[in-house]
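A.B. asks: missing the sequence, but the structure's below:
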């Protein structure tokens, strides 16, 4: 009887120490789930979800504070991937947060630009080059198409241009299914 | 002694249809009125144009230079005037436009000065750069810039050089007739390749359905001062694929995801060797190639064609016929449908195959896959096409990659044998481009994430820096004020500042310090204002002052007047 209790106590102490040690030494920095969610999000940093960027939204989803259908740039496909990761049912995009649009980049009409730098301050990915009273321009390769530069522009010289399919980005289509002719 | 040959797995025996076009001699196609020369003809970066609209160019003149290592230059195929540099429809499955240089030819075909190269006297790297600038690219179909392939890499030698004269695809005969008529030129090109790669063994693989070509090449090989083994390989589609040719001749397989040079073998098409010889010995850049025009035409044959010639011109030369249903670039197994027949011939155009309902009946409707695995038996890449099809159809691209989708050479054997007539290769092409697109998107997202995170970091850092700067400035001005006060106190009392009582003075000291700060700030503001004030209002002569006063009075009057009508309006509406 006493030996049994002794063994149990000893075990409890040993396991407790091991657990305590591993809790300190093997601690995972950050939230691994939020990182995984962040990897799925399109990184547009547009804030349409209601959070200031993709990472805060990912963290909110991980904490259960936000729904998975608030990201229009990610589209239905993104929602599906998030649902798969989190083991929940996919749902349609929440229209309140906007609708998916074709991928675009911003374009500054250089003749109209007055060089106010407001768009530069608004750009979440530093994709606008310019200085005060100098013409600004967009680095198209780095623009995520978030449209955050549109509202601050005092002269409305920024337009969103849809990215048209070109040769290096052309994709083979899904093969057409030929229907059997009945008549 | 006959060489021991190996048999790669799979393969099919489609009817070869070579005799239609290989009997006629090579016919030089006339230079068209207008040449449309695409700048994206090869794998890698498109060439950058170096001419502008209105320029007069000569045959063989550089019109676009190579951009980066994996790129090749583009040259004017004939003399004339550049009339446009604009996007035109390309001979590509997409039918999308891309940048082309359009030349109105003058018919004189005046060459630039052609300087032959002494390749033995040149350093290898210089020679490769020269070849890149002469637009050399593989003519076998993939159009990989040859200069890159002629670099043996860190090993400095590539023991085995294989010249691919397989031409296994049905209907196409351009390599066949090239070997029949230009065997010596081809082997001169091989000598240059051998020199650059340091190869000790040179093999020429030719399918045994081309006896004339085999004989011509053997005859030419016998005249050489180095050993070239011309080997007849069994006709089996796709035996002319680079990896299949390597296996047939050497028994070695190129490991998945590796290059043939990793196992010490490099493969070139016979056409590339011919073009290389023309470039080095005659100084001719790659401006023409042989093109088989066959299928539903009156006189199927091979033409020597300038790059940029519209396909319709060649179809007309070969005899256009009623009832054509479409045009393929390439053969029936791997060729791609052209958006129209006005698209130009490019370096990749080995064959223009005109289709008709009789020769190429529409495939029957696809039926469900019955998992008979005939495709797996036919697959020369030893893949499981039925599984790849399943994953591609379901959009499970990760699994498709696990099943080595990217080892698929899109030869079309699986589609050829499928009893359910499923266009399997189309599914693989779709899956491949979808995977590439996703990778591109992922890279873009990673870049955006990185830039966004750096921006957050930068904003935070700027905030901290600003706060620090402000604090430092405040501390400095406070110290200055304290010094001032101490001085004043010293003057007032005539005693050293240190002797002052500590506690009661602290309070008044602080208030004074604040006052001093404000006074200092005011003084600074005053000084700034004085600095900003116009200098020409000081030390004026009385006349000047009078003039100014007059102007000021006039201004005041105008202001008064400007206000008045408003008042009168409000009085008498």
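C.D. replies: Received, thanks. Computed from a predicted structure; not experimentally measured.

A.B. asks: which parts of the stretch 351-500 of chain B sit against chain A?
C.D. replies: B:365-366, B:423, B:426-427, B:429-430, B:432-434, B:436-437, B:440-441, B:444-449, B:451-456, B:458 (CB under 8 Å from any CB of the partner chain). C-beta here means a position set from N, CA and C on the backbone, and glycine is covered the same way.

A.B. asks: please read the previous query as pertaining to chain B.
C.D. replies: B:40, B:90, B:92-94, B:96, B:98, B:365-366, B:423, B:426-427, B:429-430, B:432-434, B:436-437, B:440-441, B:444-449, B:451-456, B:458.

A.B. asks: mind giving me the ChimeraX select for the residues you listed, buried ones only?
C.D. replies: Those of the residues of chain B next to chain A that count as buried under 16 or more other CB atoms under 10 Å in any protein chain shown are selected in ChimeraX with:
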select /B:40,90,92,93,94,96,98,366,423,426,427,429,430,432,434,444,445,447,448,449,451,452,455
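
A.B. asks: quick one: which of the residues of chain B next to chain A sit in strands?
C.D. replies: Mapping those onto strands (DSSP state E) picks out residue B:98.

A.B. asks: any idea how many residues pack against residue B:362?
C.D. replies: 9 (other CB atoms under 10 Å in any protein chain shown).

A.B. asks: typo on my end, it should be residue B:328
C.D. replies: With other CB under 10 Å as criterion, residue B:328 counts 20.

A.B. asks: now it: closest residue in space that isn't a chain neighbour?
C.D. replies: Distance criterion CB to CB, 6 or more residues apart in numbering or on different chains; nearest residue to residue B:328, sequence neighbours excluded, is residue B:335 at 3.5 Å.

A.B. asks: could you do residue A:94 as well?
C.D. replies: Residue A:94's closest residue in space is residue A:69 (CB to CB, 6+ apart), at 4.8 Å.

A.B. asks: identify the bridge partners of residue B:337.
C.D. replies: residue B:328 (DSSP bridges).

A.B. asks: hmm, it is touching residue B:327, no?
C.D. replies: Yes - counting by CB atoms under 8 Å, residue B:327 is a contact partner of residue B:337 at 7.3 Å.

A.B. asks: who has more neighbours out of the two?
C.D. replies: residue B:327 (24 against 13).

A.B. asks: list the contacts of that one.
C.D. replies: By CB atoms under 8 Å, 6 or more residues apart in numbering or on different chains, residue B:327 lies in contact with B:311, B:315, B:337, B:338, B:341, B:352, B:353, B:354, B:355.

A.B. asks: so which residues on chain A come close to chain B?
C.D. replies: A:38, A:41-45, A:53-55, A:124-127, A:142, A:144, A:165-167, A:169-175, A:177-181.

A.B. asks: out of the residues you listed, list just those in helices.
C.D. replies: A:38, A:54, A:55 (DSSP state H).

A.B. asks: picking that back up, just the buried ones from the residues of chain A next to chain B?
C.D. replies: A:38, A:41-45, A:53-55, A:124-125, A:127, A:142, A:144, A:167, A:170, A:172, A:175.

A.B. asks: tell me the spacing between the residue nearest the centre of chain A and residue A:142.
C.D. replies: Nearest to the mean C-alpha position of chain A, by CA atoms, centre = their mean, lies residue A:41 at 2.9 Å. Going from residue A:41 to residue A:142 by CB to CB, to the nearest Å gives 17 Å.

A.B. asks: so how far is the top helix by length along chain B off the chain centroid?
C.D. replies: The single longest helix within chain B, with elements called by DSSP H, is helix B:424-493. Distance of helix B:424-493 from its chain centroid, counting by CA atoms, centre = their mean, to the nearest Å, is 35 Å.

A.B. asks: so what's residue B:437 up against?
C.D. replies: A:169, A:171.

A.B. asks: where does chain B dip in pLDDT?
C.D. replies: B:1, B:494-510, B:534-538, B:565-573 (pLDDT under 70).

A.B. asks: for residue B:88, helix, strand, or coil?
C.D. replies: Three-state call for residue B:88 (DSSP: H, G, I helix; E, B strand; the rest coil): strand.

A.B. asks: helix or strand: which one has the closest residue to it other than its chain neighbours?
C.D. replies: Excluding its sequence neighbours, the residue lying closest to residue B:88 (CB to CB, 6+ apart) is residue B:100, at 4.2 Å. Using DSSP states H and E, residue B:100 sits within strand B:97-105.

A.B. asks: contacts for that strand, please.
C.D. replies: So strand B:97-105 is contacted by A:166-167, B:31-40, B:46, B:49, B:51, B:57, B:63-64, B:74, B:76-90, B:92, B:308, B:344 (CB under 8 Å, 6+ apart).

A.B. asks: continuing past it, what's the next helix or strand?
C.D. replies: helix B:124-133.

A.B. asks: which parts of that next one are buried?
C.D. replies: So for helix B:124-133, counting by 16+ other CB under 10 Å, buried means B:124, B:127, B:128, B:130, B:131, B:132, B:133.

A.B. asks: again with stretch B:361-371
C.D. replies: For stretch B:361-371, by 16+ other CB under 10 Å, it's B:366, B:369.

A.B. asks: distance from it to the middle of the chain?
C.D. replies: 36 Å.

A.B. asks: tell me the contacts of residue 167?
C.D. replies: With no chain named, the answer covers chain A. B:40, B:90, B:92, B:94, B:96, B:98.

A.B. asks: chain B was what I was after
C.D. replies: B:173, B:174, B:175, B:176, B:207, B:210, B:240.

A.B. asks: just residue A:130 next, same as before
C.D. replies: A:113, A:115, A:117, A:120, A:136, A:137.

A.B. asks: what about 10 Å?
C.D. replies: A:108, A:113, A:115, A:116, A:117, A:119, A:120, A:136, A:137, A:138 (CB atoms under 10 Å, 6 or more residues apart in numbering or on different chains).

A.B. asks: so which pair among the residues you listed is furthest apart in space?
C.D. replies: A:116 and A:138 (15.0 Å; CB to CB).

A.B. asks: the two - which one has more neighbours?
C.D. replies: Remark: of residue A:116 and residue A:138, residue A:138 carries more neighbours, 20 against 17, as counted by other CB under 10 Å.

A.B. asks: tell me how many other residues surround residue 23.
C.D. replies: Using chain A. There are 9 residues near residue A:23, going by other CB under 10 Å.

A.B. asks: let me rephrase: I mean chain B.
C.D. replies: If you count neighbours by other CB under 10 Å, residue B:23 ends up with 12.

A.B. asks: same thing with residue A:107?
C.D. replies: 15.

A.B. asks: please apply the same query to residue A:61.
C.D. replies: For residue A:61, the neighbour count with other CB under 10 Å is 25.

A.B. asks: could you pull out the helices for the stretch 201-350 of chain B?
C.D. replies: Applying DSSP state H, counting those that start in this stretch to the stretch 201-350 of chain B gives helices spanning B:211-222, B:242-250, B:270-282, B:311-318.
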